[in-house]
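Visitor: predicted model follows, preceded by the sequence.
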Protein chains: 2
Amino acid sequence: MISFEEIIIIDKSLRIPVFMQITNSIIHNIRSGLLKSGLKLPGSRELASTLKIHRKTLQTAYDELMAQGWVEIIPRKGTFIVRDLPEIKPAKIPFSQQLKRYPDGTAFSIDEKRIPLYPSSNSTAPGSLILDDGLPDIRLAPTEYLLKEYKSLSNLSAFRKYYGYGGPRGTAYLLETLSVFLSETRGLLISEKNILITRGAQMGFYLAARLLLKPGDNVIVGEPGYFAANITFRNEGAHINRVPVDEFGIDVDIIESLCKKKEIKLLYVIPHHNYPTTVTLIPERRLRLLELAARYKFAIIEDDYDYDFQYNCSPVLPMASLDQHGNTIYIGTLTKTLVPAIRMGFVVAPENYINAISNLRRALDWQGDSMMEVAIAQIYKNGTIERHIKKAVKLYRERRDYFCTQLKEKIDKHITFKIPDGGMAVWTKFNDIDLKMVAEKALKKGLMMNDGSLFNNGNKNYNSARLGFASLNLDEQNKAIEIIKESIQ
Amino acid sequence: MISFEEIIIIDKSLRIPVFMQITNSIIHNIRSGLLKSGLKLPGSRELASTLKIHRKTLQTAYDELMAQGWVEIIPRKGTFIVRDLPEIKPAKIPFSQQLKRYPDGTAFSIDEKRIPLYPSSNSTAPGSLILDDGLPDIRLAPTEYLLKEYKSLSNLSAFRKYYGYGGPRGTAYLLETLSVFLSETRGLLISEKNILITRGAQMGFYLAARLLLKPGDNVIVGEPGYFAANITFRNEGAHINRVPVDEFGIDVDIIESLCKKKEIKLLYVIPHHNYPTTVTLIPERRLRLLELAARYKFAIIEDDYDYDFQYNCSPVLPMASLDQHGNTIYIGTLTKTLVPAIRMGFVVAPENYINAISNLRRALDWQGDSMMEVAIAQIYKNGTIERHIKKAVKLYRERRDYFCTQLKEKIDKHITFKIPDGGMAVWTKFNDIDLKMVAEKALKKGLMMNDGSLFNNGNKNYNSARLGFASLNLDEQNKAIEIIKESIQ
C-alpha cells in the first residue's frame, strides 16, 4: 500500500504552484515505477485531507495529470494511471533524492578531440590591480551614449521593425553606415554588399576557417602569434606553419619559400600592430604579401583589431585597401572601441565571399542583435564614436609615454622593450629573471599580470609579456610598476 | 612627366581629411606603378600651389607618407619614393576608376559544397499585412522594461565589471538566476554548471552538431520537421533519417526499428509543440524515447522553443526533467518571449557536455553580451518576464480561439486544421486548392503568408501552411482571413 503522504512533497516556499508540485511528484513516481499503470489514485477529497490542502488544488493537479495524458477518469470507478505506459523497473534511489537528481554525465560519448583547448584565463583575485595584456579602459567606454540612443530608439514605433527577425549580414542601416565610414576613413572603397556584421573579430576568423579549411590544409601564421586564431585554424584540422615575426613584421621571404614548397590556403596576419609583439608590417612587405597571395591564390586574413589606436601618425591604411585581386579578408572589431561585453565586429571582403559566410553564419546564431546594431549605427552617424576615439587616442598616447618612461626609470636593466607606435600594450622581454616567478610574486603583492606563457609555443619560451598601459591611469601605472620592481628583487 | 594635379584627387566634402586623401592618392599610384621607386616628389611649396591647398597640409601628407615608410627624405636632395619597393607593372585601369575599384570576386576559390543553403526569405512588400508562421507580437515585447533596466544598470559602477571580457558560458548572475528559475518552473533540478547561455536556439543546435556529428553519422528528425535544424545537421555531413510525425508526435516504433538497423547518433525532437504540425508528444512516447536513448546511447536534442505558450493546461514538463541517464540536451530560447532581435537562449545538459560546448563556443564568438545578460537576469528576478508571459498567454489564447473560429466560419470547407494546444500558429492543410496559388493571389491583395513550400520535402507536398495567429490583433486577423477567402475563389 503506497503512502501518498510520503510520495508527494509540497514546499509552499517554492515559486512553483502547489498543484504543479503534486503533478510533478506523481509524474516522477510513475516514471520511477513506484506508481504502476492501471493503479487507482485516491479520491481527491480523501487525498486532499491527508495532504492538508484545499480539495480544489488537488482537483487541479488531477486535471493537469489528465490533460498531460498521465491519468484517465473511468466513470463511476475513479482516476487511474493510464494503462499503456511501458513497464518500468522501479529505480533504486529513494524518491526524495530522485526528485533532486540530475544526471552527472552524458550517457552518449563525446569525442575529446573535437573540443578546442583554450588556456584557462587566470582567475582574478578580487581587489587586486590588473595589468592586462592590452585592453581598453572600460571607464572611458561611451556606453552611456550608446544605451541612451538604444533606449530612446526603442520608443520610436519606426524602430519596431528591428524587433523581428532579420538577415544574417546585419541590419541594412548599420551596413550602409559602416560602408560609408570605412570608405571615407580606411580607403576601403566598398559597398554594403562587401560587409558582414559579426560578433567581434573571433566570428570572422571562425567563418573563414569553416569555409576555407579542410583537414590537412596549410595555414601560415606569425610566430609569436595570436593563440585564439591559431586554435581556430587547428580546430578545423589545418596544419599551422609558423613564420617568424621580426621588427618589420612577418618574414615575407620565408612565406615565399613556403609557397613554393606547398599549397598555402590561408595566411593570417596582423599588419597594423602584430600580436603579441606590436610591430607594424612595413609597406614593402605588405605589397609583396599581396603579390604572393595573387600569384599563389591564397586568402589573407587581415586582422586589424586595433586600427583606431595609432599614436605616432594617423593609422596605416589596411592592406585590403591596396588589394586589387580579391585575396584579402579584412576583419575589424568594435569591442576595443566600445566595450568587449558588446560583441560587434565586421568582415570586409568581395561579395561572393560575404554571401558564402553569411549563409554559414545562419547556422551559428541565425543573425545579430538588430536593435543594438541600429543603436551603434546611430552613434557612428552622430559622431559619438569618432569623438570617443579621438579622446581615447589622446589619453592612451599619454599613458603609453608615461608607462614607458616609468619602465625605463624603474626596471630598465631587467627588461627590453620598444615603445609601440600604437595598440594598448608594450611587448616586454624580461632579460635576467624568470617572468613566471615575477608574475607569481606580483600576484601575492596584489598585482595580476600575464606571465607570458600564453605567447610561448612548445619549448620556445619568450619570457616576455604584453603589458597593457591603456586601461590604467598614471597612478595605477605607478603602483603596478612598483610591484613589478619589488617582485624582481 | 607626371602631372600630380591629375593624380591627386581632393574632395573636401568627404569626411576623410585632405592630407589623408593626398596620402592615399599617392600610395594608390605607387601601387598602380605610375609612381616608381626612387622617383622624386615635387617640393611641397610647389605642389601645394598647383593643388591650391595650404603648404602645411601637403607637408603633413608627406610626413604621413614618410611615417608609413612610402617615401624617404634625402637631405639637400628632396623627397623620394623609397627604393626597395618591388617592380610593379602599371595597372591597365585609369586612376579615377582605380581609386573607386574594389575587387568584384575572390582570387581564392570557395568550395560551394561547404555553404549551407537556406531558403531565401520572401521579401516583405512594404505596407502589406503579414501572416507569419508563428511569431510573437513584438508590440507586446517588454523591451522597454528591459532597456530601462539595462540603462540604469549601466550607471552603477558595480555594473562595470560586466563591461570587460567574460567566460563563454554566460555571466554567473544569469546562469544562477536561470538555474533557479528552470528548477522551480520546469522540473529541471539543475545547478548553474548545467547551463550554457547561447544566442537563440540555433546556436544550441549548431554546437551539438559540431561536437557530436561526423560525416555519415545518422540523425533522426521528424517529418515534416524544422528545416533550420535539418540544414544544421546536414551541413556536418550527417545522414538525415526522417520519421513521420502523427497526431501523437514522432513515431517511436519507427525510431526503435531504425535503432536496430543502424547506429543513431542524435535525435532531434520538439515534444511540446512539434514544428510545423504543433502536435504534442504524448507521455507514453516520451518515456519510450528516453528508454531507447538510454539503451542505444544516442543523444536527444529536446527543442522546447515555445515552452511558455501553452493554452489548455499549464506547460508539459520537458522530457529532460524525466531523463535519469543523461541523454537529453535541452534547448530553450528567449527570442519568442522577448524579441527575436535580442538573441538569447540556453542549453541545459550534464556538466561534461556543457563544458565541451563551452569550449566550442569560444571559437564561434568568444562570449555572449554580458551586459545584456545581466539586464535579462534582472527582469527575471523582478518578475517582469513572468508577468509578460502571463499577459501574452492570456492574449494569445484569445487570439487563437478567435482565429480558429474565423477560419471555420469563413473558409472551413477548403481547409483542414486542429486547434493547437499551444504555440503561435495553426497547421492548416488546404484541401482542394493549391496553396502556392493562394499565397500569390493574397500577396497581390496585400497579405504576405507562407506558401508552405518551406515544409515540403523533395516531391512530398503537404500543401499546408503554419498560420500565425499570435502577432495579429483580432482586426488584423479578420483582414487576413478575408483576403485568404477572396484568394481562394
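Guide: Received the coordinates, thanks. Numbering: from 1, shown residues only, chains lettered A, B, ... in the order given.

Visitor: which elements pack onto the helix or strand containing residue A:80?
Guide: Per DSSP states H and E: residue A:80 is located in strand A:78-81. Here strand A:78-81 touches helix A:55-67, strand A:71-74, going by 3 or more Cβ pairs under 8 Å, 6 or more residues apart in numbering or on different chains; DSSP states H and E. C-beta coordinates here come from the backbone N, C-alpha and C atoms, glycine included.

Visitor: and residue A:114, what does it touch?
Guide: B:210, B:211, B:356, B:360 (Cβ atoms under 8 Å, 6 or more residues apart in numbering or on different chains).

Visitor: circling back to that earlier point, chain center to the strand holding residue A:80: distance?
Guide: Centre-to-centre, strand A:78-81 and its host chain are 53 Å apart (Cα atoms, centre = their mean, to the nearest Å).

Visitor: then stretch A:245-264?
Guide: Distance, centroid of stretch A:245-264 to centroid of chain: 30 Å (Cα atoms, centre = their mean).

Visitor: quick one: end-to-end distance for that stretch.
Guide: End-to-end span of stretch A:245-264 (Cα to Cα, to the nearest Å): 18 Å.

Visitor: buried stuff in that stretch?
Guide: A:245, A:249, A:250, A:251, A:252, A:255, A:256, A:258, A:259, A:264 (16 or more other Cβ atoms under 10 Å in any protein chain shown).

Visitor: what of stretch A:30-40?
Guide: Within stretch A:30-40, the residues that qualify as buried are A:30, A:31, A:32, A:34, A:35, counting by 16+ other Cβ under 10 Å.

Visitor: packing partners of the top helix by length along chain A?
Guide: Ranked by number of residues, the top helix in chain A under DSSP state H is helix A:384-411. With contacts taken as 3+ Cβ pairs under 8 Å, 6+ apart, helix A:384-411 sits against helix A:143-154, strand A:415-417, strand A:425-430, helix A:474-488.

Visitor: chain B is nearest to which of the ones you listed?
Guide: Chain B lies closest, by Cβ to the nearest Cβ, to one member of these: helix A:143-154, at 4.6 Å.

Visitor: ok, and the closest non-adjacent residue to residue A:399?
Guide: Spatial nearest neighbour of residue A:399, chain neighbours left out: residue A:469 (4.9 Å); criterion: Cβ to Cβ, 6 or more residues apart in numbering or on different chains.

Visitor: so residue A:258 sits against residue A:219, correct?
Guide: No. Counting by Cβ atoms under 8 Å, residue A:258 stays clear of residue A:219, with 10.6 Å between them.

Visitor: any common contacting residues for those two?
Guide: Contact criterion Cβ under 8 Å, 6+ apart; residues shared by residue A:258 and residue A:219: A:241, A:264.

Visitor: hmm, back to that, adding distance to residue B:193 and secondary structure, write the contacts of residue A:114 out as TSV.
Guide: Shown next, in TSV, are those (distance: Cβ to Cβ, whole Å; DSSP: H, G, I helix; E, B strand; the rest coil):
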residue	distance to residue B:193	secondary structure
B:210	21	helix
B:211	17	helix
B:356	13	helix
B:360	17	helix
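
Visitor: next, count neighbours for residue A:83.
Guide: Using other Cβ atoms under 10 Å in any protein chain shown, residue A:83 is surrounded by 11 other residues.

Visitor: ditto for residue A:77
Guide: 9.

Visitor: ok, and the closest non-adjacent residue to it?
Guide: For residue A:77, ignoring the flanking residues on the chain, the nearest one in space by Cβ to Cβ, 6+ apart is residue A:40 at 7.6 Å.

Visitor: buried stuff in stretch A:132-143?
Guide: The neighbour-count check on stretch A:132-143 (16+ other Cβ under 10 Å) flags A:132, A:133, A:134, A:135, A:136, A:137, A:138, A:141, A:142, A:143 as buried.

Visitor: next, the distance between the ends of it.
Guide: The first and last residues of stretch A:132-143 sit 21 Å apart, counting by Cα to Cα.

Visitor: the closest residue to residue A:432 other than its chain neighbours: neighbour count?
Guide: Once flanking residues are discounted, residue A:432 sits nearest to residue A:414: 6.1 Å by Cβ to Cβ, 6+ apart. Counted with other Cβ under 10 Å, the neighbours of residue A:414 add up to 18.

Visitor: may I ask you to name the longest strand in chain A?
Guide: Longest strand in chain A, counting residues (DSSP state E): strand A:239-246.

Visitor: what pairs with that strand, and is each one parallel or antiparallel?
Guide: Strand A:239-246 pairs in its sheet with strand A:218-223 (parallel), strand A:249-250 (antiparallel), by DSSP bridges.

Visitor: so for residue B:410, which of those strands sits nearest?
Guide: With Cβ to Cβ as the criterion, residue B:410 lies closest to strand A:218-223 of the strands paired with strand A:239-246, at 61.1 Å.

Visitor: what lies in contact with the closest one?
Guide: Outside strand A:218-223, the residues within contact range by Cβ under 8 Å, 6+ apart are A:213, A:229-230, A:233, A:238-245, A:250, A:255, A:258, A:262-270, A:274, A:457.
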